[in-house]
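Visitor: what follows is a predicted structure for the sequence shown.
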Amino acid sequence: MSEQTDNLNFLLKPFGLTSEESFIYLNLLENGTSSALKISRQINIARTKVYRILDKLIEKQLVVQQYSQNGFKFKANHPSKLNQLITQKEIEISSLKQSLPQTIDLLEKHINLNHPQSQILYYQGQDGLSQVNWNLLNAKNEFLSYEVNLAEAYLSHSEAEKLRQELINKKIISKTLMNKKNLQKYSQVPDVRIFEQIRYISPEILTIKSDIFIYNDIFTICHYLDNHDIFCLEIKNQFLVDMQKQIFENLWLQAETIQELFPKN
C-alpha cells in the first residue's frame, strides 16, 4: 500500500472502519465498480474474506452492490456518506447516556458490601492528571479545589473547554482558590464564570504548590515533581473530606474575587 493510502486509512479509522474495510473502500473509490475477485487480487485478501468485508461496508452504506451480466459488482458511495456514521454514533452515545444512570444503579447492587470504606487510587503523568480532572464530572452539585494554574496548563485548550462545558451541562459548580490575583479571559464557554468561581488567596495565608480537588467523599491531590513528572492520589474517605471542606470554607472567606482581564487587541 502507498503512503497516501496508509494516511487515508488512518483518517478513516475514527469513523469505525477497520484497516481492511478502509483498503477496500479506498480501492473502490479509486478504481470505480469492481468485482470481489478483482478486489481480492489487487489488495491481496482472500475473496471469501473480501465478501464478508463488503457486506459490512454495505451495512455502513459506504458500498452498494450492483448486478450485471458478468455477475455481482461493487461500487463505493460518495464519502459524504461518512456523515451517516457520525449520526449513528451520536444516536448510540445518546442512548448510552440515557441508560447510564440505570446501568450504574444495577451495577452498584453487585458491589461487595464488605469492601473497605477508605480507598486510595494512584495516577501518574500527564494522562493521570487529565483523568482526575475528568473524574470531577462525578461530583454531586459542586467541587472545591486549590489550583496552581488553569486546566490549559496540562490539557489542550479544546479539551479544557469541553470539560468546562460538560461540568456546566451537569450543573456542577466549582469553587477554586489560587495564588493568582488576576487572570486573562480564558474561556468562551457560556456562563462559565457563573459555575466556575475563582478567588485569590494570598501565599502568606496559603502557598498552593499542588492541585487539590474535594468532592463527594473524594480528596485528590496532584503534585508536580522537579523532573516535571506528576503523581496524583485519589483518596476515598468521608471523614477526611468533611474536615478538608471545613478548612476550605474558612480559607474561602479570607479570599478575594479574582479579576478577569480581557486580552488586548
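Guide: Happy to help now that I have it.
Visitor: could you check the pLDDT of the most far-flung residue of the chain relative to its centre?
Guide: Distance from the C-alpha centroid of the chain, by CA atoms, centre = their mean, peaks at residue 69 (50.5 Å). Per-residue confidence (pLDDT) for residue 69: 71.
Visitor: residues in contact with it?
Guide: Contacts for residue 69 (CB atoms under 8 Å, 6 or more residues apart in numbering) come out as none. C-beta: built from backbone N, CA, C; applies to glycine.
Visitor: check residue 129 too.
Guide: 123, 154, 211, 222, 230, 232.
Visitor: and for residue 168?
Guide: Residue 168 touches 189-192, 195, counting by CB under 8 Å, 6+ apart.
Visitor: list the neighbours of stretch 214-228 that are in contact with it.
Guide: Contacts with stretch 214-228, where a contact means CB under 8 Å, 6+ apart, come from 123, 128-129, 132, 135-136, 138-140, 142-145, 148, 209-213, 230-238, 240-241, 244-245, 248.
Visitor: name the residues of it that are buried.
Guide: Using 16 or more other CB atoms under 10 Å as the test for burial, stretch 214-228 gives 214-215, 217-222, 224.
Visitor: widest-spaced pair of the residues you listed?
Guide: Spatial extent of the buried residues of stretch 214-228 (CB to CB) is set by the pair 217 and 224 at 25.3 Å.
Visitor: quick revisit: from the contacts of residue 168, list just the buried residues.
Guide: Neighbour counting with 16+ other CB under 10 Å marks 189, 192, 195 as buried within these.
Visitor: and the residues you listed, which is closest to residue 175?
Guide: Among the buried ones among the contacts of residue 168, residue 195 lies closest to residue 175 (CB to CB), at 10.2 Å.
Visitor: quick one: that closest one and residue 175 touch, right?
Guide: No: counting by CB atoms under 8 Å, residue 195 stays clear of residue 175, with 10.2 Å between them.
Visitor: ok, and the closest non-adjacent residue to residue 84?
Guide: residue 61 (5.8 Å; CB to CB, 6 or more residues apart in numbering).
Visitor: list the contacts for the one you found?
Guide: 77, 81, 84.
Visitor: can you pull out the strands in the stretch 151-265 of the chain?
Guide: Under the criterion DSSP state E, counting those that start in this stretch, strands of the stretch 151-265 of the chain are mapped to 173-178, 182-184, 196-200, 210-215, 218-224, 230-236, 256-257, 259-261.
Visitor: of all the contacts of residue 168, which two lie farthest apart?
Guide: 190 and 195 (9.9 Å).
Visitor: how about residue 60, nearest residue that isn't a chain neighbour?
Guide: Closest to residue 60 by CB to CB, 6+ apart is residue 85, at 6.3 Å.
Visitor: how deep is that neighbour tucked in, by neighbour count?
Guide: Residues near residue 85, counting by other CB atoms under 10 Å, number 17.
Visitor: how deep is residue 14 tucked in, by neighbour count?
Guide: 11.
Visitor: er, residue 127 I mean
Guide: 10.
Visitor: hang on, it in a helix?
Guide: Yes: under DSSP: H, G, I helix; E, B strand; the rest coil, residue 127 falls within a helix.
Visitor: what's it in contact with, if anything?
Guide: So residue 127 contacts nothing (CB under 8 Å, 6+ apart).
Visitor: residues near the spatially closest residue to residue 128 that is not a sequence neighbour, how many?
Guide: Nearest residue to residue 128, sequence neighbours excluded (CB to CB, 6+ apart): residue 232, at 5.2 Å. For residue 232, the neighbour count with other CB under 10 Å is 23.
Visitor: and the buried ones among the contacts of residue 168 as JSON lines, adding distance to residue 50 and pLDDT?
Guide: Shown next, in JSON lines, are the buried ones among the contacts of residue 168 (distance: CB to CB, whole Å; pLDDT from 0 to 100):
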{"residue": "189", "distance to residue 50": "47", "pLDDT": "86"}
{"residue": "192", "distance to residue 50": "51", "pLDDT": "81"}
{"residue": "195", "distance to residue 50": "53", "pLDDT": "88"}
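Visitor: measure residue 72 to residue 78 for me?
Guide: From residue 72 across to residue 78, the span is 21 Å (CB to CB, to the nearest Å).
Visitor: thanks a lot, see you next time.
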